[in-house]
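Chemist: here is the input, now give the coordinates:
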Amino acid sequence: MGKWCLVCCLVAVAQIYVVAEPTAKKPANEKTAVEQKTVGKPNIKFYGGAEGFVSFVSPKYTYSKKDMDDTNVGAIAANDIEKVTKTDKDTSTPRAVGGEAAIGVKVNGTASHGIEYGAVIELDAMKGDTGVDKMYVLVGRKNAGVLQIGNVKGPEAVFLCGGQQLIGGTLGVDGTVPSDVDAATGVISPLHVVGYTNKATKIVYYSPRVWGLQAGVAFTPSTSHVGHDKRDRSSGTSKLGNDEGLYAPKKDAQRPSGRTSLSFGLNHKHEWTKKIRTEFAAVYLCENTRKITLKYADADHSITLRKAKAYHVTVTVFYGDLGIGFGYLNNGKSRLPKNYSEFNTTTVNGAQHGNGGFIAEEGANAGSAWNIGVQYKYNDWTFAAVFHKSQRKVNASQKTKGNMLTLTADYKVCEGLGLFAEFDYIQTKSCEKACALRNAFANDGVAVAGDRKAVAIEKQKCPVYAVGVKVSF
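Modeler: Alright, predicted model coming up:
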């Protein structure tokens, strides 16, 4: 009964609002909001999908026992920490994964004067995180563009068309890898720019595509606001747009977030011949990054952060069944502290206080990354590979870096059913200062030196193997 009530509500909403989704290349697990247009009554369509797979890792982690000096602020201690706490992912035990299951309903239609309308609700189900993933309405016309309002991704995600968007399997560093592998301390993810809004509630406009060009702009009032959340003056309440390679707060600590986030994108598609076609996208994101309040030395400290300003460029060239893609992102100094003196390690009343969670010092940046990928289709097979490289300056002289390779093979058994195999090799390396800062923050408030534990990962190498099944309807 509840399901039909949901459908009826969607129909009612769709008769008031309007919908269409820009044509943009997306990963295999992304859904298109509108698939058909019919004048008259709206169409209702249920869709869904799930995947199950088994993964195996053979990790090699090297932990750093470096710490900050209690007496010489900013310096690394002469004596190392004695004890080490290993990451939970430092194990070669096989993992069977039920995967992420999604089910959704979409309503779309065409009213008089060529107005297209619709609504989408999508639910995602996975252990410990089940709920509404997308919920939005759209309105537009073919020659006027499309307006989207709700929990939906903006052009900084929709327009991407680099090497990462060519692969299958579980999507590598955007799939099973984050659950199976911990990167070395201070290494950033190569997927999205710092400040990435994901599906925070926003307003998005996409222009009509003219001569292959389409523009997009998204306005997100607060990157920590989702759905029908109440208005909130607090700061740093969301993980969205943050990267633990840049900022690793305690569970109860505030996180950087942004107000009035804007992302601008330009996408171009063109078919030059029957075999040759190209796609290009450039995206720029900026926000008014909020201050955060950190508590240490028995006092509250209000920390001013640099505004998020980042860009992402991607391009793909197809020749028949062969595709080659490239992507580059640069985070600048997004969401880093303006004044690093707030994060120098000090000792107050015999208790050590760390760097506030930012794995950075004066001269640091928020990192950059690039990728190159290839895809080849042969009958019902799709083979693909992508290589990511990321790097970030922790201070003026030291940096972290990571290399990430993904190989995938997908086989279409029939419509709605597929098999896949994936291999990933992740190799990342930290630096002395990043490890010392991370350990200092992990031991914030620990007064006895013998009780301190090292958590920083200096080096990491890990192959990941995965085989599984995908279903969709």
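Chemist: the residue nearest to the spatial centre of the chain: what secondary structure?
Modeler: Nearest to the geometric centre of the chain sits residue 192, at 5.2 Å (CA atoms, centre = their mean). Counting by DSSP: H, G, I helix; E, B strand; the rest coil, the backbone at residue 192 sits in coil.
Chemist: please apply the same query to the one 3 residues further on.
Modeler: Going by three-state DSSP, the secondary structure assigned to residue 195 is coil.
Chemist: quick one: contacts for it?
Modeler: 223, 241, 258, 261, 285-287, 289, 308, 310, 334-335 (CB atoms under 8 Å, 6 or more residues apart in numbering). To be clear about C-beta, it is placed using only N, CA and C from the backbone, and glycine gets the same treatment.
Chemist: how about residue 101?
Modeler: Residue 101 makes contacts with 48-50, 124-126, as judged by CB under 8 Å, 6+ apart.
Chemist: pull the most distant pair out of the residues you listed.
Modeler: The two members of these with the most space between them (CB to CB) are 48 and 126, at 13.5 Å.
Chemist: show me where pLDDT drops low in the protein?
Modeler: When residues are selected by pLDDT under 70, those of the chain lie in 1-40, 70-71, 73, 99, 127-129, 296-299, 342-355.
Chemist: let's see it at 50
Modeler: Along the chain, the model assigns pLDDT under 50 to residues 1-38, 348-349, 351-352.
Chemist: so which residues of this structure form helices?
Modeler: Applying DSSP state H to the chain gives helices spanning 2-14, 155-158, 177-180, 432-442.
Chemist: just the CA trace of the second one, in PDB.
Modeler: Backbone C-alpha positions of helix 155-158 (Å, rounded to 0.1, in the frame of the first residue of the first chain) are rendered in PDB as follows:
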ATOM      1  CA  PRO A 155      27.700  19.700 -13.500                       C
ATOM      2  CA  GLU A 156      30.900  19.000 -11.500                       C
ATOM      3  CA  ALA A 157      29.800  15.300 -11.600                       C
ATOM      4  CA  VAL A 158      27.400  15.000 -14.500                       C
END
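Chemist: tell me the helices and strands packed up against it.
Modeler: In terms of contacts (3 or more CB pairs under 8 Å, 6 or more residues apart in numbering; DSSP states H and E), helix 155-158 is packed against strand 213-222, strand 258-271, strand 276-289.
Chemist: tally of neighbours for the residue lying closest to residue 235 once chain neighbours are set aside?
Modeler: Nearest in space to residue 235, with sequence neighbours left out and distances taken as CB to CB, 6 or more residues apart in numbering, is residue 290 at 3.8 Å. Counted with other CB atoms under 10 Å, the neighbours of residue 290 add up to 25.
Chemist: residue 153 now?
Modeler: Residue 153, neighbours per other CB under 10 Å, totals 23.
Chemist: distance check, it against residue 206.
Modeler: Computed as CB to CB, to the nearest Å, the residue 153 to residue 206 distance reads 12 Å.
Chemist: kindly report the same for residue 276.
Modeler: Using CB to CB, one gets 25 Å for the distance from residue 276 to residue 206.
Chemist: isn't residue 319 up against residue 276?
Modeler: Yes - contact between residue 319 and residue 276 holds when scored by CB atoms under 8 Å: they sit 5.7 Å apart.
Chemist: got the CA coordinates for stretch 420-436 in CSV?
Modeler: The C-alpha trace of stretch 420-436 is given here as CSV (Å, rounded to 0.1, in the frame of the first residue of the first chain):
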residue,chain,number,x,y,z
PHE,A,420,32.5,-8.7,-14.3
ALA,A,421,36.1,-9.0,-13.1
GLU,A,422,38.3,-6.2,-11.7
PHE,A,423,41.9,-5.8,-10.7
ASP,A,424,43.2,-2.8,-8.9
TYR,A,425,46.7,-2.0,-7.8
ILE,A,426,47.1,0.9,-5.3
GLN,A,427,50.5,2.3,-4.4
THR,A,428,50.7,5.5,-2.2
LYS,A,429,53.4,7.2,-0.2
SER,A,430,53.3,9.8,2.5
CYS,A,431,56.0,12.1,3.9
GLU,A,432,57.6,12.6,7.4
LYS,A,433,55.7,15.7,8.2
ALA,A,434,52.3,14.4,7.2
CYS,A,435,52.8,11.3,9.4
ALA,A,436,54.0,13.3,12.4
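Chemist: give me the buried positions along that stretch.
Modeler: Residues of stretch 420-436 classed as buried: 420-424, 426-431, 433-436 (neighbour count, 16 or more other CB atoms under 10 Å).
Chemist: residue 361: which of those residues is nearest?
Modeler: The closest of the buried residues of stretch 420-436 to residue 361 turns out to be residue 433 (CB to CB; 6.5 Å).
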